[in-house]
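[1] Have a look at this prediction, sequence included:
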Amino acid sequence: MNSDEEYSLVYDDDDDDNDSLDFYEALPATEFAINISKSRSHLSQSSEFDIEEDPLSNDDMAESMLDVHVSASAKRALTEGSVPDLKYECLTTEDIFHRMLKRVDHLQPIFSIPHEDILLLMQLYDWNEERLLEDWTEKMDILLEESGIHVSHNSNGIEGNDKNGNIRGVKFQESFNCIICCEEKSTETFSLECGHEYCIDCYRHYIKDKLNKGNVITCMDCSLALKNDDIDKIMGHQSSNKLMSSSIKSFIQKHNNNYKWCPYTDCKCIIHLKDTSSFAEYLRVHCSPFVSCKSSHRFCFSCGFEIHSPADCDITTTWIKKAKKESENLNWVLSHTKECPKCSVNIEKNGGCNHMACSSCKYEFCWICSGDWKPHGSNFYQCTMYNNEDSKSKTSVEDTSKTLKRYTFYYRMFNEHEASAKLDWQLGQTVENKVKHLQEKIGVSWIEGQFLTESLRALNEGRTALKWSFAIAFYSDPSHNLTKIFVDNQMLLSNSVEDLSELLQIKNPEKIMNKKTDFYNKAGYVTNRTLALIQCGRDLLRKGICKPTN
Amino acid sequence: MSERRLLKEYQVVKKELGNHKNIISSLEPIDSDDLTNWTATILGPPNTPYHGHSFDLRIHLTPEYPLKPPQVTFSAYKMPHCNIEFKTGKICLNILDNANWSPVWNLLTVVLAIYQLLSDPVTDSPLNIDLSNILKIKDTSAYYGLIEYYLNNKSDK
Ligand SMILES: [Zn+2]
Ligand SMILES: [Zn+2]
Ligand SMILES: [Zn+2]
Ligand SMILES: [Zn+2]
Ligand SMILES: [Zn+2]
Ligand SMILES: [Zn+2]
Ligand SMILES: [Zn+2]
């Protein structure tokens, strides 16, 4: 057992806010106990879920904060991929369009015009049904003309034309003189009831780019609108889908308070927040109100970035800005291979674990500082860079270089954890195979094999929290007690993450099954440590100990 | 895009320019072998501070013309107008936007629309903030004064 496990898991939300009550929702003690079995002895049996009312003095607080109290609802929130009660759904543009079509069905009896005309009106009104209904009851006839559904009575376009003489649609003309391209040819043409007739090639060119804009497309010479059916006839089967999808996209852009694109590359998911009224409250309680798309991409709904707890959106954007600004100076090379510090054999990092062992000389070292691993074993932060940091500087020149050095350290740690997270993700691919292996080789049921998947999830979450915790640590007042507690918590999480990461690299199926309890315990421990770190970080923010500065 | 369309426009311009003598003093291709680059000179409309002055336009027709609008600019540092950027001569006019352009319009339509813009500046989409601000507070004498000043003093740049 490591010395770190003396930190028991009681962390109290000492703030005056009332939300702590929901946050510390009681639950069967057994469920909770599984994950903290190792440290249970440090918890008094009855006070596990009690809330301490009195705000503590700084020193008292410092002591009590080492005790991390993890509520089950919060834990569930963390593992189930959503902030509790944040009501949202994952949609695609097609889903939203189909909903709009259903709305059109509902409106049809009121409007008594064909479906596709209502669809066109909805498109024109940016899918704002209320505003459309209002205008419809007020000025139905004007609306039908303005929207280009009916031929306008005072349009120049119909001068000299018999209103009923022109048939809407594609025609074939033996000899047609198109006024756009000025070619005289035998060709297909298109015109609406207005009689503005052009060759099909010109019409196609005209429509092509407009499909990406999402606006209603009109005749080239008057305000009469092309309906989806016309577009399909000119451009080919289902071309109007593209127009509808563009229109829905601009709808999403205009409603970006409650609709957000998943920021992951090539993901077509849209998250629709159903309950915007209480969102501000969630933001206050949870630093990163994250949502998860159908493809399990999780991101902060507020700033659109990846989950960044314990950092809030402010710290996150400030940190990223700074990192962008400094990255050229720092010029980090984040390679996946390194030479063994002892025998110079090339070693490849194959998981997120920073504990490296040379296959040739068996030297064990730390990936980050290349130092001997031994002192790291119980305390990951024994890296030399970090320790240098503590010594006080004397001159202002020293100060500046210290500040840069300080930033450099945090930035490097942040980057290392990002790189590790990527490797963990690759590890995830193999975990899937391992689960399959377990099923085939030793007849483990799918559900039984889930502990591996769960462990991986705990690892990913822990790693992400750890990564962003360096942004919090950087912007926190280093002399404050709570900052020190935060750093201690970082260390604990870091150790537990390293442990779990190592465990997940076991390849032998039998060995994996034998270690099942180990997986449960270690993953549960990581989850609890993650939550503790997040809660501690939240307190740093709330108390103003952590502030974004430039 | 269409050689034939350009030839047709050339014919139409030659034929119809005479009908717009008081507005357009010239509209012709820079080189008659290349119908994609044109110049035009328009006259300042009566009852505007531009009256008595004339203004040169450059018109470029991209390969996508007439499906895309022509690119039209005034000479740089020559045109003080609410919707024209003084130092570039760039014009903000809705019919010259991709989204609003219609292929049925032609060079004459475009030049006439720009002439119209001189009489009807739009304060909502200003490219010349100073003029737009004066125009917004309806200070006519200051508006005339500033344009006079631009036309007489700054245009030598
Ligand atoms: Zn044509
Ligand atoms: Zn028409
Ligand atoms: Zn996604
Ligand atoms: Zn955020
Ligand atoms: Zn390790
Ligand atoms: Zn070695
Ligand atoms: Zn180290």
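    Yes, it's here. Ligands and ions are numbered 1, 2, ... in the order given.
[2] Which pLDDT value belongs to residue 61?
    Using chain A. Looking at residue A:61, its pLDDT is 42.
[3] Correction: the question concerned chain B.
    95.
[4] okay, how far is it across stretch A:122-131, tip to tip?
    10 Å (Cα to Cα, to the nearest Å).
[5] List the contacts of that stretch.
    A:100, A:103-104, A:107, A:132, A:135, A:147, A:214-216, A:244, A:247-248, A:250-251, A:254 (Cβ atoms under 8 Å, 6 or more residues apart in numbering or on different chains). Backbone N, C-alpha and C define where each C-beta goes, glycine included.
[6] again, but for stretch B:136-149
    Contacts for stretch B:136-149 (Cβ under 8 Å, 6+ apart): B:49, B:50, B:80, B:81, B:123, B:130, B:131, B:134, B:135.
[7] Next, the contact list for the fourth one, please.
    It refers to residue B:81. Per Cβ under 8 Å, 6+ apart, neighbours of residue B:81: B:50, B:117, B:118, B:121, B:128, B:131, B:147.
[8] quick one: pLDDT of residue 57?
    Since you didn't name a chain, this refers to chain A. Residue A:57 is assigned 42 on the pLDDT scale.
[9] my bad, the chain I had in mind was chain B
    According to the model, residue B:57 scores 96 on pLDDT.
[10] Just give the closest residue to it, not the sequence neighbours.
    The shortest distance from residue B:57 to any non-neighbouring residue, by Cβ to Cβ, 6 or more residues apart in numbering or on different chains, is to residue B:40 (4.3 Å).
[11] Compute the number of surrounding residues for the one you found.
    Neighbours of residue B:40 under the rule other Cβ atoms under 10 Å in any protein chain shown: 23.
[12] Show the subsequent helix or strand relative to the helix or strand harbouring residue A:117.
    Using DSSP states H and E, residue A:117 falls within helix A:115-124. Downstream of helix A:115-124, the first helix or strand assigned by DSSP H and E is helix A:129-146.
[13] In contact with the residue sitting nearest the centre point of chain B, which residues?
    Nearest to the mean C-alpha position of chain B, counting by Cα atoms, centre = their mean, stands residue B:114 at 4.0 Å. Counting by Cβ under 8 Å, 6+ apart, residue B:114 makes contact with B:42, B:57, B:72, B:91, B:93.
[14] Reformat those as a markdown table; add secondary structure.
    Shown next, in a markdown table, are these (DSSP: H, G, I helix; E, B strand; the rest coil):
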| residue | secondary structure |
| --- | --- |
| B:42 | strand |
| B:57 | strand |
| B:72 | strand |
| B:91 | strand |
| B:93 | coil |
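[15] Using PDB, write down the CA coordinates of the host helix or strand of residue A:244.
    Secondary structure assignment for residue A:244, by DSSP H and E: helix A:240-254. Only the C-alpha atoms of helix A:240-254 are listed here, as PDB (Å, rounded to 0.1, in the frame of the first residue of the first chain):
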ATOM      1  CA  SER A 240     -33.100  19.700 -52.600                       C
ATOM      2  CA  ASN A 241     -31.900  17.800 -49.500                       C
ATOM      3  CA  LYS A 242     -28.700  19.700 -49.800                       C
ATOM      4  CA  LEU A 243     -30.600  23.000 -49.700                       C
ATOM      5  CA  MET A 244     -32.700  21.900 -46.700                       C
ATOM      6  CA  SER A 245     -29.600  20.700 -44.900                       C
ATOM      7  CA  SER A 246     -27.900  24.100 -45.500                       C
ATOM      8  CA  SER A 247     -31.000  25.800 -44.200                       C
ATOM      9  CA  ILE A 248     -31.000  23.700 -41.100                       C
ATOM     10  CA  LYS A 249     -27.400  24.500 -40.600                       C
ATOM     11  CA  SER A 250     -28.000  28.200 -40.700                       C
ATOM     12  CA  PHE A 251     -30.900  27.600 -38.200                       C
ATOM     13  CA  ILE A 252     -28.400  25.900 -35.900                       C
ATOM     14  CA  GLN A 253     -26.000  28.800 -36.300                       C
ATOM     15  CA  LYS A 254     -28.700  31.200 -35.300                       C
END
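[16] And the contacts of that helix?
    Against helix A:240-254 from outside (Cβ under 8 Å, 6+ apart): A:93-94, A:96-97, A:100, A:123, A:126-127, A:210-215, A:217, A:228-229, A:231-232, A:259, A:261, A:270.
[17] Which of those fall in strands?
    If you go by DSSP state E, the contacts of helix A:240-254 have A:259, A:261, A:270 in strands.
[18] The last one: neighbouring residues, count only.
    Meaning residue A:270. Residues lying near residue A:270 (other Cβ under 10 Å) number 20.
[19] residue contacts, residue A:170?
    For residue A:170, the contacting residues are A:188, A:189, A:190, A:200, A:233, A:234, by Cβ under 8 Å, 6+ apart.
[20] could you redo the last one with a cut-off of 6 Å?
    A:188, A:190, A:233 (Cβ atoms under 6 Å, 6 or more residues apart in numbering or on different chains).
[21] Closest one of the residues you listed to residue A:435?
    residue A:233 (51.7 Å; Cβ to Cβ).
[22] Leaving out sequence neighbours, find the closest residue to the closest one.
    Of all residues not flanking residue A:233 in the chain, residue A:170 sits nearest, at 5.4 Å (Cβ to Cβ, 6+ apart).
[23] who touches residue 90 in this structure?
    No chain in the question, so chain A it is. A:269, A:271, A:293, A:294.
[24] Let me rephrase: I mean chain B.
    Contact analysis of residue B:90 by Cβ under 6 Å, 6+ apart lists residue B:73.
[25] just residue A:210 next, same as before
    Taking Cβ under 6 Å, 6+ apart as the contact definition, residue A:210 lies against residue A:217.
[26] likewise the one 4 residues further on?
    Applying Cβ under 6 Å, 6+ apart to residue A:214 gives the contacts A:246, A:247, A:250.
[27] so which of these is the most crowded?
    residue A:247 (23 neighbours).
[28] so how far is residue B:51 from that residue?
    When distance is defined by Cβ to Cβ, to the nearest Å, residue A:247 is 46 Å away from residue B:51.
[29] ditto for residue A:357
    88 Å.
[30] Residue A:294 now?
    For residue A:294 relative to residue B:51 (Cβ to Cβ), the value is 65 Å.
[31] Of those two, give the one with the bigger neighbour count.
    Neighbour comparison, residue A:294 and residue B:51: the larger count goes to residue A:294, with 14 against 11 (by other Cβ under 10 Å).
[32] List the contacts of that one.
    A:90, A:269.
[33] Need the phi and psi values for it.
    Backbone dihedrals for residue A:294, given as degrees, to the nearest 10, come out at phi -60, psi -30.
[34] likewise residue A:441?
    phi -80, psi -50.
[35] how far away is it from residue A:435?
    Taking Cβ to Cβ, one finds residue A:441 at 11 Å from residue A:435.
[36] Of these two, which one has the most company?
    With neighbours defined as other Cβ under 10 Å, residue A:441 and residue A:435 compare such that residue A:435 has more, 21 against 12.
[37] And for the closest residue to the more buried one other than its chain neighbours, the neighbour number?
    In space, and not counting its chain neighbours, residue A:435 is closest to residue A:449: 4.2 Å by Cβ to Cβ, 6+ apart. Counted by other Cβ under 10 Å, the residues lying close to residue A:449 total 22.
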